[in-house]
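1. Give the three-dimensional model of this entry:
(one chain, ligands or ions: 1)
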Amino acid sequence: MRKDLIVGNWKMHATHLETIQMVQKLGYRLDHPDYERVDVAVCPPFTALRSAQTVIETDHLQIKLGAQNVYFEEKGAYTGEVAPGMLSALSVTFVIIGHSERREYFGDTDEIVNRKVKAVLAAGMTPILCCGETEQEREDGVTEEKIGRQVRAGLAGLTEEQIAGLVVAYEPIWAIGTGRTASDDDAGAMATFVRTTIADIAGDAAESTRILYGGSMNPGNVAGLMAKRDIDGGLVGGASLDPDTFASVIRYWV
Ligand code: PGA
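-> You can find the predicted model right below:
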């Protein structure tokens with residue numbers, strides 16, 4: 001009942017011109033049956049969202065558009081920030097919130113993350129709430145404590161209906177961009193832990209929330225991860241930049 005979702009997080013890569021090519025190429029490689037099985041989204045930088053939207057509409061692609069961040073205010077004197085309404089006006093469907101790089105380098109706290117999640121929902125889009133532990137935290141045995149805290153804080157104040165519709169990405173920080181992936185069993189167990197935590201807050205709604213794994217997902221490891229009951233998809237960084245490779249991740253059953 002939960003449809004698979006594979007999201008490309010391009011991070012700070014791709015000009016608007018490169019984005020046009022990447023989206024077109026990905027579009028050529030995917031077919032109707034692929035979209036029946038998997039929701040596909042790409043998250044280019046802000047400067048390329050309009051170009052991506054135009055290609056998607058012109059070529060009638062079923063690829064959905066996502067953004068990598070947002071500010072929580074609707075408008076005002078916030079130099080350099082982008083408002084939720086500006087993204088929804090570009091037909092953005094998903095917004096990544098609280099990625100570990102945002103938390104680490106740009107000061108996104110649990111409280112800020114929660115405000116952004118609410119702002120994204122208020123603008124009619126779907127948040128992809130990220131959580132994940134460092135290697136040190138894993139060694140210290142505090143992984144569940146950290147993930148539990150991040151998930152509870154991120155979802156604070158939301159209705160069960162809102163929680164049912166959103167996406168949570170579990171991304172162990174030591175696996176991001178390192179080529180090291182969590183084992184299928186570890187990733188699956190953490191996805192189950194995330195769902196249990198959500199069930200604690202929102203009851204049965206947790207069965208509808210989509211949970212993604214992120215951290216060096218690639219064509220070679222995606223099938224094993226996707227076989228886990230509570231992993232409903234992936235948040236893919238490096239392997240989403242090449243359309244051929246990303247299409248292989250998306251078509252993981254082939
Ligand atoms: P990666 O990035 O696939 O390059 O590890 C994933 C992410 O940061 O979302």
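2. counting contacts, what elements does the helix ranked longest in the chain pack onto?
-> Looking across the chain with DSSP state H, the single longest helix is helix 184-202. Under the contact criterion of 3 or more Cβ pairs under 8 Å, 6 or more residues apart in numbering; DSSP states H and E, helix 184-202 touches helix 143-155, helix 160-165, strand 167-170, strand 210-214, helix 222-226. Every residue, glycine included, has its C-beta placed from N, CA and C.
3. what angle separates the first one from helix 184-202?
-> In this case it means helix 143-155. Here helix 143-155 runs at an angle of 40 degrees relative to helix 184-202 (axes from the mean of the first three to the mean of the last three Cα atoms, to 10 degrees).
4. helices or strands up against helix 143-155?
-> helix 110-122, strand 126-131, strand 167-170, helix 184-202.
5. right, so of those, which gets closest to residue 96?
-> Closest approach to residue 96 among the helices and strands packed on helix 143-155 (Cβ to Cβ): strand 126-131, 4.8 Å.
6. Helix or strand next in line after that closest one, which one?
-> Heading C-terminal from strand 126-131, the first helix or strand you meet, by DSSP states H and E, is helix 135-139.
7. So what sits opposite residue 170 in the bridge?
-> residue 131, residue 213 (DSSP bridges).
8. Was I right to think it contacts residue 194?
-> Yes. With contact defined as Cβ atoms under 8 Å, residue 170 reaches residue 194; the gap is 5.5 Å.
9. how many neighbours does whatever residue of the stretch 101-250 of the chain ends up closest to the ligand have?
-> Nearest residue of the stretch 101-250 of the chain to the ligand: residue 237, at 2.3 Å (Cβ to the nearest ligand atom). Close neighbours of residue 237, defined as other Cβ atoms under 10 Å, add up to 23.
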